[in-house]
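> how would this look folded up:
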Amino acid sequence: MQYPVNEIFETVQGEGHFTGYPVIFIRLQGCDVGCSWCDTKQTWTVDPEMQVSQQTVNKACDDKPHWANFTAQEFITMIQKNGFVAKHIVISGGEPCQYDLVELTSELEQAGYFCQIETSGTSEVRATDSTWVTVSPKIQMKGQLPVLQSALRRANEIKHVIAMEKHIEELDALIADIDTSDKIMCLQPISQQKRATDLAIKLCIERNWKLSVQMHKYIFID
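I've put the predicted structure just below:
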């Protein structure tokens, strides 16, 4: 199977449970969710005219909407060729779960990597059982795609972006029938807004949840 890739680069994880860990980002092209605040809108469309060589996407892409096809083995070859030392791979997007990731996560694990998927929860999660799944629920976005209960149940981590009280109410409605006792629950204030940050801190303390701050936006890294 081939996967359309927007960029591959090594950095540290900037948000969520694994904040600060060295990671290799594989950002897949294609997304139908349509988040208004999305900071990777270049990944939304898989335009045949924007297909490029694998070498072109072998770095942070500076918001270019290009993409190149990779098989799982080609990912591994490219990562090793780059000399990347991180063993934690983040498969993001776009919406990575638009694709069947079983083959990709399986082969990466066999090569000695730990896999994490970052998904909106609007597509079925198809990956190995040992893949860490971070669901950041995207509710009532432009694409009008529902957040799937199956994705929330599969999640190891639920990381919800909030700006105001109604966003926590929406999350509560989503997880009403989900057992979250075995999940990492994170609240992430939107776009470094003080009001959102204060609200997230308050709710994390009240609920004994984890605060996720987008560290990469404060220290200016990809």
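> can we go C-alpha only for contacts and neighbour counts from here?
Noted.
> check which helix or strand covers the residue positioned nearest the centre of the chain.
In the chain, the residue lying closest to the centroid (CA atoms, centre = their mean) is Glu118, at 2.3 Å. Counting by DSSP states H and E, the element that carries Glu118 is strand 114-119.
> and that strand, what other elements does it pack with?
strand 88-92, helix 102-110, strand 132-135 (3 or more CA pairs under 8 Å, 6 or more residues apart in numbering; DSSP states H and E).
> just want the angle from it to helix 102-110.
150 degrees (axes from the mean of the first three to the mean of the last three CA atoms, to 10 degrees).
> which residues does strand 114-119 contact?
With contacts defined as CA atoms under 8 Å, 6 or more residues apart in numbering, strand 114-119 is touched by 87-93, 95-97, 105, 108-109, 130-137.
> output the longest strand belonging to the chain.
With DSSP state E applied, the strand covering the greatest number of residues in the chain is identified as strand 3-12.
> given the next helix-or-strand element following that strand, what are its sheet partners and their directions?
Beyond strand 3-12 in the direction of the C-terminus, DSSP H and E gives the next helix or strand as strand 22-28. Strands adjacent to strand 22-28 in the sheet, as given by DSSP bridges, are strand 3-12 (antiparallel), strand 88-92 (parallel).
> could you dump those into CSV and include mean pLDDT, mean neighbour count and distance to Ile26?
Output for those, formatted as CSV (pLDDT from 0 to 100; neighbours: other CA atoms under 10 Å; distance: least, CA to CA, whole Å):
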stretch, mean pLDDT, mean neighbour count, distance to Ile26
strand 3-12, 96, 23, 5
strand 88-92, 98, 22, 5
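> of those strands, which is nearest Asp39?
For those, proximity to Asp39 was assessed by CA to CA; strand 88-92 is nearest, at 12.5 Å.
> from Pro137, how far off is Lys64?
Computed as CA to CA, to the nearest Å, the Lys64 to Pro137 distance reads 25 Å.
> which one of the two is surrounded by more residues?
Neighbours were counted for Lys64 and for Pro137 using other CA atoms under 10 Å; Pro137 has more, 22 against 15.
> model confidence score at that one, please.
You'll see Pro137 listed with a pLDDT of 94.
> next up, the contacts around it.
The contact partners of Pro137, taken as CA under 8 Å, 6+ apart, are 119-122, 147, 158-160, 171.
> can you put these in JSON lines and add distance to Asp177 and neighbour count?
Formatted as JSON lines, the contacts of Pro137 follow (distance: CA to CA, whole Å; neighbours: other CA atoms under 10 Å):
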{"residue": "Thr119", "distance to Asp177": "20", "neighbour count": "27"}
{"residue": "Ser120", "distance to Asp177": "18", "neighbour count": "30"}
{"residue": "Gly121", "distance to Asp177": "15", "neighbour count": "29"}
{"residue": "Thr122", "distance to Asp177": "17", "neighbour count": "26"}
{"residue": "Val147", "distance to Asp177": "13", "neighbour count": "20"}
{"residue": "Ile158", "distance to Asp177": "14", "neighbour count": "29"}
{"residue": "Lys159", "distance to Asp177": "17", "neighbour count": "26"}
{"residue": "His160", "distance to Asp177": "17", "neighbour count": "25"}
{"residue": "Leu171", "distance to Asp177": "11", "neighbour count": "18"}
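> many thanks, we can stop here.
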